[in-house]
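Asks: Quick one, structure for this:
(2 chains)
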Amino acid sequence: MNRTARCSIVGIGESAVGKVPDRSALQLQADATSAALADAGLTIADIDGLITTPVRVEAWNMPCGVVASYLGIRPSYLLTIDLAGASGAAMIHHAAMAIAAGQCTAVLCVAGQNLLSNRSRSHAVKTMAESSAHPQFEVPYGPLVASNYALIARRHMHEYGTTEEQMAEVAVTMRKHASLNPNAHKRDLISVSDVLKSPMITSPLKILDCALVSDGAAAAIVTSADRARDLRQKPACLLGQGYGLRHSYIGEYLNVTSSGAVESGRKAFAMAGLKHSDIDVAELYDCFTITVIIELEDLGFCKKGEGGAFVQGGRIGLDGELPTTTHGGLLSGGHCGLGGGFFHVLEAVRQIRGSAGARQVENAKTVLVHGNGGTIAIHCTLILGNEAAA
Amino acid sequence: MQTDRPVPAPNPETAPYWKAAREHRLILPRCLACGKYHFYPRSHCPFCASRSLAWEPCSGKGVIYSFTEVFRAPSEAFAADVPYVVAIVALDEGPHLMTRLVLTSGMSPRIDQPVEVLYEDLDDELSLPRFRVMQEELK
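Replies: Modelled structure (predicted):
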């Protein structure tokens, strides 16, 4: 067994998500932390490790120091992670490594901000566009973050015949899942036709193919598996993880329809000693609808080029072959920047505990979580399971 | 030109590229060891790790690898330009680069269409390489 597999997620918490104008970034993170501590039956004094991410809304010198100090943690270990959308999954892995190395015993991972309310949606769109593209060779041409993904989508359509209707199916499924999530940002059901008729942002991506901009924060507490046994929640154990990276900027990448998720997935499955048929639920990063299609292919749930067909026919729905991103994801659950992908981890924990309420997948024991940072650039895959699976 | 539009800020590594672009020439870093071109510029060849590199002229020709028509500008600075077409061009020399296409009205680009470079002069010091569909393609 790998060393980090001896670590478990024992507490999870979310702040209010959506438009939360009365909370600062630190307040949202404190809200999520309080909920996670209560969930675990721990107090802040039990926490001796802290991992967080940078935020966009404020300039924090040493974000892990700012957050630890604000929350009143005196950490034996602390770290700021910036893998963009892969940060959420990577925080869990780094917490497990710190515990396995004996640096600390209980790590709080927390991320989130008031991305929507701090300035405006437009301001968030501008700063994200300018930070995700190459400052000299891409930004001057005016791509949105969505444009970088639209270039991938257009190429995927060209190479594999993927359609706008298939991409829309992802958005429809995410909204259906979000409708069952009381803390989701957008809960009104939508149809494929609604997606296709929604305003074109950057062809072929319409507004409903794109992630939301939301306020919100999420927190999770990681301990050793031994410690987890004495705590109140059924632990979610880290069984395997992997990273992958093939490029940093999309303009220079020669094969944009395939990603480092191939490597991150392969490593995670190998470490966990599991195969695809063992996965009950996949919490896949869904910044845009095309992202989910490419991840399904690259992680090996279907063949390259067949992701478009895979998302049709309810296959990624709650009753489908591979229930996917069951909380509604970034497309409908909410997207608060670097913390956005962390909600996928929390949902995996709920599915493993059997506490996902109306969106619970029956008998979910083993869940794959995938985070994607940049323009399909940095990938982190986790495989989590219940105690029996560990 | 609007003053708040993001423009390239050349650094010691990229200055030769932008100086050439201002002279309406497209140059690329090429490895003297393995012969391959690369882009964006690096201090070493991404294929063989050699640090023996030289800037060499590029044909300025390639094909459209992918494209997207942008309807919602990322900031006010680009608002007057919409809609515009951002593209990735696969250069004949091998590397890809992002650009914005110059299109005659009513024309829709398509993947694999041959394109050639032209330049948008931003000011006395900077020009942006842009691409247009090859003239013989339009006949």
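Asks: can you pull the pLDDT of the residue lying closest to residue A:245 once chain neighbours are set aside?
Replies: Leaving aside its chain neighbours, residue A:245 sits nearest to residue A:260 (4.7 Å; criterion: Cβ to Cβ, 6 or more residues apart in numbering or on different chains). For glycine as for every other residue, the C-beta is placed from the backbone atoms N, C-alpha and C. Residue A:260 carries a pLDDT value of 98.
Asks: Likewise for residue A:389?
Replies: Predicted confidence (pLDDT) for residue A:389: 73.
Asks: got it, and residue B:4?
Replies: For residue B:4, pLDDT reads 83.
Asks: Under a three-state scheme, what state does it occupy?
Replies: coil (DSSP: H, G, I helix; E, B strand; the rest coil).
Asks: Just to check, it is in contact with residue B:78?
Replies: No. The pair residue B:4 / residue B:78 is not scored as a contact, 9.8 Å apart, by Cβ atoms under 8 Å.
Asks: Helix or strand: which one has residue B:101?
Replies: strand B:96-102 (DSSP states H and E).
Asks: whoops, residue A:195 was the one
Replies: Judged by DSSP H and E, residue A:195 forms part of helix A:192-197.
Asks: State the distance from residue A:236 to residue A:90.
Replies: 16 Å (Cβ to Cβ, to the nearest Å).
Asks: what about these two, which has more around it?
Replies: residue A:236 (30 against 27; other Cβ atoms under 10 Å in any protein chain shown).
Asks: Now do the contacts for that one.
Replies: A:8-9, A:348-349, A:352-353, A:367, A:384-386 (Cβ atoms under 8 Å, 6 or more residues apart in numbering or on different chains).
Asks: what about the strands in the chain?
Replies: Looking at chain A here, since you left the chain open. Taking DSSP state E to define them, one finds strands in chain A at A:7-14, A:49-52, A:77-80, A:106-114, A:200-202, A:205-206, A:215-224, A:236-245, A:281-284, A:366-373, A:378-385.
Asks: actually chain B
Replies: Under the criterion DSSP E, strands of chain B are mapped to B:27-31, B:53-57, B:61-70, B:84-91, B:96-102, B:114-121, B:127-133.
Asks: that older thread, what about the residue nearest to residue A:245, how many residues nearby?
Replies: 24.
Asks: Show me what from chain B comes close to chain A.
Replies: For chain B, the contact set with chain A under Cβ under 8 Å from any Cβ of the partner chain comprises B:5-11, B:14, B:18, B:39-40, B:65-75, B:77-78, B:81, B:84, B:86-88, B:90, B:95-100, B:111, B:128.
Asks: Format the strands of chain A as TSV; extra columns: mean pLDDT.
Replies: Listed next are the strands of chain A as TSV, based on pLDDT from 0 to 100:
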stretch	mean pLDDT
strand A:7-14	97
strand A:49-52	98
strand A:77-80	98
strand A:106-114	97
strand A:200-202	98
strand A:205-206	98
strand A:215-224	97
strand A:236-245	97
strand A:281-284	98
strand A:366-373	98
strand A:378-385	98
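Asks: Which one, of the ones you listed, ends up nearest to residue A:140?
Replies: Closest approach to residue A:140 among these (Cβ to Cβ): strand A:200-202, 16.5 Å.
Asks: for the strands of chain B, which one sits closest to residue A:191?
Replies: strand B:61-70 (24.4 Å).
Asks: Can you name every helix or strand that the helix holding residue A:195 contacts?
Replies: Judged by 3 or more Cβ pairs under 8 Å, 6 or more residues apart in numbering or on different chains; DSSP states H and E, helix A:192-197 is in contact with helix A:164-179, strand A:205-206.
Asks: Tell me which of these lies nearest to chain B.
Replies: Across those, chain B has its closest neighbour in strand A:205-206 (7.7 Å, Cβ to the nearest Cβ).
Asks: Just give me the neighbour total for the residue nearest to residue A:26 when sequence neighbours are not counted.
Replies: Excluding the flanking residues, the one nearest residue A:26 by Cβ to Cβ, 6+ apart is residue A:70, at 5.1 Å. Applying other Cβ under 10 Å, we find 16 residues neighbouring residue A:70.
Asks: Greatest separation within the contacts of residue A:236: which pair is it?
Replies: A:8 and A:367 (13.4 Å).
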